[in-house]
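Peer 1: Quick one, fold the following:
(one chain, ligands or ions: 3)
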Amino acid sequence: MKTKGALLWEPGTNSGWQIDDIEIDPPKDGEVVVRLAASGMCHSDQHLDTGDIPLDWAPILGGHEGAGVIEEVGPNVDGLAVGDHVVLQFLPTCGSCWFCVRGQTNLCDMTANVLSGFAPDGTHRVHSKGHGVGCYSYLGTFSEYVVAHQRSVIKIGKDIPLDVAALAGCGVPTGYGSAVYAAETEIGDTCVVIGCGGVGSNAIQGFRIAGAENIIAVDPVPFKQDSAKKFGATLTSPSIEEAYDLVYNETHGRMADRVVVTMGVGDAQKLEAMMSLVRKGGTLVFTNVVTMNQIDAKIALYMFSMSGKRLQGTLYGSCNPRNDIPKLMNLYRRGELLLDELITTRYKLDDINTGWKDLEDGKIIRGLIDYSL
Ligand SMILES: NC(=O)c1ccc[n+]([C@@H]2O[C@H](COP(=O)([O-])OP(=O)(O)OC[C@H]3O[C@@H](n4cnc5c(N)ncnc54)[C@H](O)[C@@H]3O)[C@@H](O)[C@H]2O)c1
Ligand SMILES: [Zn+2]
Ligand SMILES: [Zn+2]
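Peer 2: Ligands and ions are numbered 1, 2, ... in the order given. This next block holds a predicted model:
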């Protein structure tokens, strides 16, 4: 099938995404073809262009946050049929590896090769100008059609609008799960979110749904501080340093029970300042991507031990996507999880670079490639 997609031919050079004709192969064993309604524009895609996540191969078709309708089903697919509405998981879950069997499906061994550029079977499904094209997260949602492995596909109810469902592929579960699972929030907690974009807005919602009493949203952009209040923030601050006094006053000096960090690009040099927001025995969850070659995190380890704090990394918000994505859809149905409000601006695929510029300029919470435009 011929269509078009947003590709990087020189990742890591800030040269922007190029719209090219692409050819997509028919589905192979265990795969389906999904016609997408929409794709979210997660900051993780942009790391490929900036080089925060370096790639040593090209071209790559970006996009890992999508939802749509199954158009074709390949051989040996279980439980999926033409016409099903589906969300694409940005990390697949095989269901049978050591991690999946013990319930940590976000760490599934199948995820190890999502940046390899190949489909799970080690071949290419997308081609352009005579080159095999790698698909981000085994998906490549910056194309209206995606050939996806069934382990990356989760069926949802047809009552959920597919455009908002797209965000349930990455940003929503990652943010929500960072607050609910990785931070292990308890009723009445005082919580902080550092970086209130697409992922951080969902961390705020996760804290609210988990019963946090105070939710302090930290972001330098006034528009993000305003929108954070819509998602459940009780107080806002423009910086980590200024948040210190706020948290101190709110907790009478005890400091926050949980802090989730979802900045666009994490800053390892600010780790100690972030840790100072956490109370004794509290938890700091590091969700954001830090430039891969930044390995010199700054933290006072004596006080870290002596105050019994926990520093927790998380992938996919420590969710089990096949359990949590339908659960999130139910929270949306009940009006507890706001999804429509996450979408600030819709773009045609052709205008994707305008969307990235808007993200950089702090104008959007989530940009959406809307394939109906
Ligand atoms: N761990 C995972 O599984 C996972 C999954 C998805 C995304 N991510 C990562 O999470 C991060 C957030 O993604 P996103 O799509 O929400 O990005 P985004 O660009 O939408 O949001 C980042 C926010 O951080 C704010 N910010 C920047 N500098 C700040 C600072 N010094 N203090 C406070 N706020 C600051 C920005 O204003 C922006 O609102 C990215 O690094 C992304 O790659 C991780
Ligand atoms: Zn993402
Ligand atoms: Zn697995």
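Peer 1: Distance of residue 67 relative to ligand 3?
Peer 2: Per CB to the ion, to the nearest Å, residue 67 is found 22 Å from ligand 3. Quick note: C-beta positions are derived from backbone N, CA and C, even for glycine.
Peer 1: was I right about that residue contacting residue 168?
Peer 2: Yes: look at residue 67 against residue 168 with CB atoms under 8 Å: they come within range, at 7.0 Å.
Peer 1: how long is stretch 152-162 end to end?
Peer 2: Distance between the two ends of stretch 152-162: 16 Å, counting by CA to CA, to the nearest Å.
Peer 1: Would you mark the buried spots in that stretch?
Peer 2: Neighbour-count burial for stretch 152-162 flags 152, 153, 154, 155, 156, 160, 162 (criterion: 16 or more other CB atoms under 10 Å).
Peer 1: Which of the residues you listed fall in strands?
Peer 2: Of the positions in the buried residues of stretch 152-162, 153, 154, 155 sit in strands, assigned by DSSP state E.
Peer 1: Which positions in this protein make contact with ligand 1?
Peer 2: Residues of the chain lying close to ligand 1 by CB under 6 Å from any ligand atom are 42-44, 47, 170-171, 174, 194-200, 218-221, 224, 240, 262-265, 287-289, 314-316, 359, 362.
Peer 1: are any of those buried, and which?
Peer 2: Buried by 16+ other CB under 10 Å: 42-44, 47, 170-171, 174, 194-200, 218-219, 221, 224, 240, 262-264, 287-289, 314-316, 359, out of these.
Peer 1: Sort out which of those residues are in helices and list them.
Peer 2: In helices, defined here by DSSP state H, the members of these are 43, 44, 47, 171, 174, 198, 199, 200, 224, 240, 359.
Peer 1: any idea how far the residue nearest to the third one when sequence neighbours are not counted is from ligand 2?
Peer 2: Of all residues not flanking residue 47 in the chain, residue 53 sits nearest, at 4.1 Å (CB to CB, 6 or more residues apart in numbering). Here residue 53 is placed at a distance of 11 Å from ligand 2 (CB to the ion).
Peer 1: Report whether the expected contact of residue 53 with residue 115 is present.
Peer 2: Yes: counting by CB under 8 Å, residue 115 is a contact partner of residue 53 at 7.3 Å.
Peer 1: ok but residue 5 is inside a strand, no?
Peer 2: Yes: assignment of residue 5 by DSSP: H, G, I helix; E, B strand; the rest coil places it within a strand.
Peer 1: Identify the residues contacting it.
Peer 2: 19, 20, 22, 61, 126, 128, 133, 140, 142, 143, 349 (CB atoms under 8 Å, 6 or more residues apart in numbering).
Peer 1: can you pull the buried residues of stretch 335-349?
Peer 2: By neighbour count on 16+ other CB under 10 Å, the buried set for stretch 335-349 is 337, 338, 339, 342, 343, 344, 345, 347, 349.
Peer 1: Oh, that last question was meant for stretch 160-169, not what I typed.
Peer 2: Neighbour-count burial for stretch 160-169 flags 160, 162, 163, 164, 165, 166, 167, 168, 169 (criterion: 16+ other CB under 10 Å).
Peer 1: Nearest to ligand 2 among those?
Peer 2: Among the buried residues of stretch 160-169, residue 169 lies closest to ligand 2 (CB to the ion), at 7.7 Å.
Peer 1: Return the distance of the residue nearest to that closest one when sequence neighbours are not counted relative to ligand 3.
Peer 2: The spatially closest residue to residue 169, leaving aside those adjacent along the chain, is residue 65, at 4.1 Å (CB to CB, 6+ apart). Remark: distance between residue 65 and ligand 3 (CB to the ion) = 21 Å.
Peer 1: go on, residue 342?
Peer 2: Look at residue 342 and ligand 3: by CB to the ion, they are 29 Å apart.
Peer 1: Tell me the predicted confidence for that residue.
Peer 2: Residue 342 carries a pLDDT value of 98.
Peer 1: May I have the phi/psi pair for the closest residue to it other than its chain neighbours?
Peer 2: Nearest residue to residue 342, sequence neighbours excluded (CB to CB, 6+ apart): residue 366, at 4.7 Å. Dihedral angles of residue 366 (phi, psi; degrees, to the nearest 10) stand at phi -130, psi 130.
Peer 1: Any idea what residue 366 is bridged to?
Peer 2: Residues in a beta bridge with residue 366, per DSSP bridges, are residue 343.
Peer 1: so how far is residue 39 from it?
Peer 2: Using CB to CB, to the nearest Å, residue 366 is found at 11 Å from residue 39.
Peer 1: swap in residue 131?
Peer 2: For residue 131 relative to residue 39 (CB to CB), the value is 22 Å.
Peer 1: care to break the protein down by domain?
Peer 2: 2-169+339-370, 175-314 (automatic domain parsing).
Peer 1: Now render those domains as TSV, adding distance to residue 331.
Peer 2: Below are the domains of the chain laid out as TSV (distance: least, CB to CB, whole Å):
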stretch	distance to residue 331
domain 2-169+339-370	9
domain 175-314	7
